[in-house]
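> From the sequence below, what's the structure:
(one chain, ligands or ions: 1)
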Amino acid sequence: MEAYLDHAATTPINPAALRAQVEATELVGNPSGSHRMARVAKSLLESSREDVAALLGVTAYDVIFTSGGTEADNLAIFGATSVGKVAITSAIEHHAVLESMNAIGGRVVGVTASGGVDLDELESVLKSESERVAIVSVMMANNETGVIQPLAEVRELVKRHSPSALLHTDAVQAPSYLDVAGLASGFDLVSISGHKFGGPKGIGVLVARKAASLKAMFHGGGQERELRSGTPNLAGAAAMAAALRDAVEGRKGTVERVGRLTEKLRAGLFANVAGVVPNGAESPQMCNISNYCFDGLNSEEILFLLDSRGVYASAGSSCASGALNPSHVLIAMGKSESQASGSLRLSLGVTTTEAEVNYAIDVISDVVIELSRKKGVSWI
Ligand code: PLP
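Numbering: from 1, shown residues only. Next up is the predicted model:
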């Protein structure tokens with residue numbers, strides 16, 4: 001038996017997306033060319049763009065295809081800032097945002113103990129920087145805790161104190177579970193990534209509203225409104241559009257089913273393990289992600305034992321080498337190093353079954369109880 005509880009890292013490909021990807025891969029033409037084969041490819045690229053736009057509640061003009069969430073975040077941040085201007089973000093963003101902000105000396109606002117951006121601190125930074133603010137980037141929902149961020153309040157503060165600033169949200173985790181169009185209303189820039197909702201890896205979108213003036217990061221043939229030169233990933237765009245359709249149209253059912261499974265998982269762990277502490281549970285959370293601390297245990301050891309028994313999960317933020325650092329998200333929420341080093345993120349998805357959840361409850365409970373006995377951790 002195996003249980004894949006790492007859908008926030010990436011999701012299995014959706015069958016309709018796979019079909020669309022194969023069909024588009026068979027097309028020969030380059031969408032930027034002018035002969036008939038090129039026009040066929042161009043027509044598929046533009047219909048994929050229209051589909052994505054309709055599903056996100058924006059116009060086709062607003063949709064810029066990128067290589068994924070990381071590139072969309074980078075384009076938003078580097079594209080919006082210039083010398084002498086200020087960029088603001090929250091301490092719990094994905095590294096794609098945080099490292100981009102670090103590179104330009106952006107200001108980082110803290111979060112509350114329950115994992116939402118600290119609106120008082122954001123307001124005081126906005127007040128002090130006022131018209132100098134070029135961009136404010138706050139994610140839609142956090143990829144480690146699932147905590148949904150107060151975007152309406154963020155928008156209201158930015159409009160009040162820095163009305164000329166661009167608003168960006170990284171909505172990469174959201175499309176299968178949240179109403180991206182509604183929550184991002186009034187935002188100029190929105191990032192999504194195909195592989196987080198059943199699409200292929202290596203394709204994403206930056207929604208860039210007409211009024212948001214951005215600088216390109218890639219220069220070349222001028223594709224994607226001259227914001228993202230390079231031959232577009234046609235098969236990826238077609239597949240992502242198909243996956244997004246299923247994600248958005250199936251959202252109501254997904255939320256109900258995945259929410260019930262997450263609740264079952266949570267209740268099972270609480271019933272079996274005395275020392276489990278949930279993270280972010282006092283805030284509104286996405287229905288597929290739950291995050292726990294097992295104080296005194298080590299995430300890497302937990303994950304290794306889970307892996308050996310076919311349960312696949314994650315903790316903290318893994319870097320390219322696969323090494324684990326204590327989660328910057330949990331640290332920002334005020335957890336100690338020791339608590340953050342013993343955390344576990346369980347993320348379910350559209351394909352998760354009841355049998356996987358039952359198996360995971362048994363294995364996770366066994367593993368953390370065994371490790372806590374070995375280490376003499378007192379909560380048992
Ligand atoms: N933003 C968030 C919130 C994410 O969870 C991820 C992926 O983990 C990314 C951005 C990066 O997306 P991609 O893997 O498509 O580059």
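
> which secondary element of this protein has the worst mean pLDDT?
Across the helices and strands of the chain, mean pLDDT, DSSP states H and E gives its lowest value to strand 317-318, namely a mean of 58.

> That one: what's the following helix or strand?
strand 324-325 (DSSP states H and E).

> how about the residues of the chain near the ligand?
Proximity of the chain to the ligand, by Cβ under 6 Å from any ligand atom, involves residues 68-70, 73, 94, 96, 139, 143, 170, 172-173, 193, 204. Any C-beta I mention is one placed from the backbone N, CA and C, and that applies to glycine too.

> please redo it, this time with the cut-off set to 8 Å
Near the ligand, the residues belonging to the chain are 8-10, 67-73, 93-97, 139, 141-143, 170, 172-173, 191, 193-196, 201-202, 204 when assessed by Cβ under 8 Å from any ligand atom.

> which among these end up buried?
Among the residues of the chain next to the ligand, those scoring as buried are 8-9, 67-73, 93-94, 96-97, 139, 141-143, 170, 172-173, 191, 193-196, 202, 204 (criterion: 16 or more other Cβ atoms under 10 Å).

> Mind checking which of those land in helices?
When DSSP state H defines the helices, the subset of these inside them is Gly69, Thr70, Glu71, Ala72, Asp73, Ala96, Val97.

> How are the helices of the stretch 1-150 of the chain distributed by residue range?
15-25, 36-56, 69-80, 95-103, 119-129 (DSSP state H, counting those that start in this stretch).

> Can you add mean pLDDT and give those helices back as a markdown table?
A markdown table is the format used below for those (pLDDT from 0 to 100):
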| stretch | mean pLDDT |
| --- | --- |
| helix 15-25 | 98 |
| helix 36-56 | 98 |
| helix 69-80 | 98 |
| helix 95-103 | 97 |
| helix 119-129 | 98 |
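
> ok, Phe304 to Asp6 distance?
According to Cβ to Cβ, to the nearest Å, Phe304 and Asp6 sit 15 Å apart.

> Please say which of the two ends up with more neighbours.
Shown here are Phe304 and Asp6; by other Cβ atoms under 10 Å, Asp6 has more neighbours (17 against 11).

> ranges for the helices of the stretch 201-350 of the chain?
234-249, 251-272, 299-308, 328-332, 337-340.
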